[in-house]
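Provided below for reference: sequence and predicted model.
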Protein chains: 2
Amino acid sequence: MGVLVSGRGTNLRALLEAASQPRYPARIAAVASNRPRCPGLTLAEEQGVPTRCFPLREFAGDTVSRDREMAVWLLRQQCRILVLAGYDRILTEPVLSAFPGRILNLHNSLLPSFPGTMNAVGEALAAGVKVTGCTVHLVDPGKVDGGPILMQAAVEVRDDDDEASLWQRIHEQEWRVLPEAVRLLSLGRVQVEGGRAMIR
Amino acid sequence: MGVLVSGRGTNLRALLEAASQPRYPARIAAVASNRPRCPGLTLAEEQGVPTRCFPLREFAGDTVSRDREMAVWLLRQQCRILVLAGYDRILTEPVLSAFPGRILNLHNSLLPSFPGTMNAVGEALAAGVKVTGCTVHLVDPGKVDGGPILMQAAVEVRDDDDEASLWQRIHEQEWRVLPEAVRLLSLGRVQVEGGRAMIR
């Protein structure tokens, strides 16, 4: 798999740990980022994973050009699945068409609640929900946070939660469900029927 | 409490059972319905609870007139809290203002997912979510399924679920959280701050 990161890389860390298990069916072939020197990129380098950064400014602000070059590089590293692990940009056509039906996104809410935001945890807190969680879904071109859902995990919101404490518990679930979703997808056990992902 | 029903009355049954416990802090003073001879109304009659039906056609289709008469009747039965337990109509001003901040609604999804529908279970299945559930919230006049949330419970969706099997597991959670939410509200332990309900 290839992994795209923009931030701390804690989900990348969970994937690296899973992929280090002898029976895990996928390995991390490449990690790319839009942000130079983001901690996730550094983590991948430390683990000996091929990394590359594709900052938008090197493409004169042209997202499609950036994504075209990123897709070419990822394919060259023999990635067959692409995992968005805290990647903070919307993908464009070159990347989408390079991995048709094989791009996983992680969102920090129980979709369809709180879509289309990087701060779904804060929004969930502000909305006063008592249960939130996280979602791993296939990326459906044209729908932000809207493709077939592979896995979700619920997290209880406590009255004394702040964003940091709630984030922490959601992260713990993300570190569990993201490697599991990649495992199922790489084993070919995910079947999409009528917009719904079924696990065989 | 007063309870409004339109259908089978399984949530009313859960409330009747809770209220029969000696330490439960509320009792069911009245049950009203918009549908003559709905099973929920019959159940209440059998248990000796005062019941009345307010079919819209007796008010020449005027919902506000119906709700005015219903509010007067509920207050006369000394209801202080109103619980919508599968009531399939939107309340209008006379009922809303008779129970300010003291109307509980039960919705069969994890709000804000799948609001404003009587078939949130079917919509959740069609959307392919892996986690859904139920929500008890205070009714906020003007917002359908939008007031402060008191309790939510998560329910896992299984690949072989149909609407009936998923409904059943959601119902089981509803029968747990609805009496608990009424208990907390009737003990004055619910505090609304900035649109968010906190339990003291």
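Structure's in. What do you need?

how far off centre is the longest helix along chain A?
Identified as the longest helix of chain A according to DSSP state H is helix A:163-186. What separates the centre of helix A:163-186 from the centre of its chain is 10 Å, taken as CA atoms, centre = their mean, to the nearest Å.

check which element follows it along the chain.
Remark: after helix A:163-186, the chain's next helix or strand is strand A:190-193, criterion DSSP states H and E.

just checking: what are the partner strands of that following strand?
Strand pairing for strand A:190-193, using DSSP bridges, gives strand A:196-199 (antiparallel).

now the partner strand: mean pLDDT?
The pLDDT scores in strand A:196-199 average 93.

what are the buried residues along that strand?
Within strand A:196-199, the residues that count as buried by 16 or more other CB atoms under 10 Å in any protein chain shown are A:Arg196, A:Ala197. All C-beta spots, glycine's among them, are computed from the backbone N, C-alpha and C.

then stretch A:174-194?
A:Glu174, A:Trp175, A:Val177, A:Leu178, A:Pro179, A:Ala181, A:Val182, A:Arg183, A:Leu184, A:Leu185, A:Ser186, A:Val190.

with stretch A:15-30 instead?
Buried residues in stretch A:15-30 (16+ other CB under 10 Å): A:Leu15, A:Leu16, A:Ala18, A:Ala19, A:Ala26, A:Ile28, A:Ala29, A:Ala30.

let's have these in a markdown table, adding distance to chain B.
As requested, the buried residues of stretch A:15-30 are arranged in a markdown table below (distance: CB to the nearest CB, whole Å):
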| residue | distance to chain B |
| --- | --- |
| A:Leu15 | 20 |
| A:Leu16 | 25 |
| A:Ala18 | 19 |
| A:Ala19 | 23 |
| A:Ala26 | 21 |
| A:Ile28 | 25 |
| A:Ala29 | 28 |
| A:Ala30 | 28 |
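
keep only those of those that are in helices.
A:Leu15, A:Leu16, A:Ala18, A:Ala19.

quick one: pLDDT of the last one?
Pointing back at A:Ala19 there. For A:Ala19, the model assigns a pLDDT of 97.

contacts only, for it.
A:Ala19 is in contact with A:Ala26, A:Arg27, A:Ile28, A:Pro179, counting by CB atoms under 8 Å, 6 or more residues apart in numbering or on different chains.

and it, how close does it get to A:Leu75?
19 Å (CB to CB, to the nearest Å).

same question, the first one
According to CB to CB, A:Leu15 and A:Leu75 sit 19 Å apart.

look at A:Gly7 and give its secondary structure.
coil (DSSP: H, G, I helix; E, B strand; the rest coil).

which residue lies closest in space to it, excluding its sequence neighbours?
Closest residue in space to A:Gly7, ignoring its immediate chain neighbours: A:Gly86 at 4.7 Å, by CB to CB, 6 or more residues apart in numbering or on different chains.

any idea of the pLDDT on the one you found?
pLDDT at A:Gly86 comes out at 87.

other residues contacting the helix or strand hosting A:Val64?
A:Val64 is part of helix A:63-76 when elements are defined by DSSP H and E. Applying CB under 8 Å, 6+ apart, the set of residues contacting helix A:63-76 from outside is A:2, A:30, A:32, A:34, A:52, A:54, A:56, A:58-59, A:82, A:89, A:91-95, A:97-99.

export only the CA atoms of that helix, formatted as CSV.
In CSV, the C-alpha atoms belonging to helix A:63-76 read as follows (Å, rounded to 0.1, in the frame of the first residue of the first chain):
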residue,chain,number,x,y,z
THR,A,63,-3.3,20.4,-7.7
VAL,A,64,-3.9,18.2,-10.8
SER,A,65,-0.3,18.4,-11.8
ARG,A,66,0.8,17.6,-8.3
ASP,A,67,-1.5,14.6,-8.1
ARG,A,68,-0.4,13.4,-11.5
GLU,A,69,3.2,13.3,-10.4
MET,A,70,2.3,11.8,-7.1
ALA,A,71,0.3,9.0,-8.8
VAL,A,72,3.1,8.2,-11.1
TRP,A,73,5.5,7.9,-8.2
LEU,A,74,3.2,5.8,-6.1
LEU,A,75,2.6,3.4,-8.9
ARG,A,76,6.3,3.2,-9.5
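
hmm, stretch A:108-116 touching chain B?
Yes. On the criterion CB under 8 Å from any CB of the partner chain, stretch A:108-116 is in touch with chain B at A:Leu110, A:Leu111, A:Pro112, A:Ser113, A:Phe114.

buried ones in that stretch?
A:Asn108, A:Ser109, A:Leu110, A:Leu111, A:Pro112, A:Ser113, A:Phe114, A:Pro115.

which residue packs closest to the last one, ignoring adjacent ones?
Read it as A:Pro115. Nearest one to A:Pro115, counting by CB to CB, 6+ apart, is A:Asp145 at 3.8 Å.

okay, and that neighbour sits in which element?
Counting by DSSP H and E, A:Asp145 is part of no helix or strand.

one more: A:Gly116?
Using DSSP H and E, A:Gly116 falls outside every helix and strand.

what does the one 10 residues further on give?
Under the criterion of DSSP H and E, A:Ala126 resides in helix A:120-127.

each with direction, which strands does the helix or strand immediately after that helix in the chain pair with?
Toward the C-terminal end, the helix or strand that comes next after helix A:120-127 (DSSP H and E) is strand A:131-138. Partner strands for strand A:131-138, per DSSP bridges, with pairing direction: strand A:103-107 (antiparallel), strand A:149-156 (antiparallel).

okay if I get those as CSV plus mean pLDDT and mean neighbour count?
Converted to CSV, the strands paired with strand A:131-138 look like this (pLDDT from 0 to 100; neighbours: other CB atoms under 10 Å in any protein chain shown):
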stretch, mean pLDDT, mean neighbour count
strand A:103-107, 96, 23
strand A:149-156, 98, 22
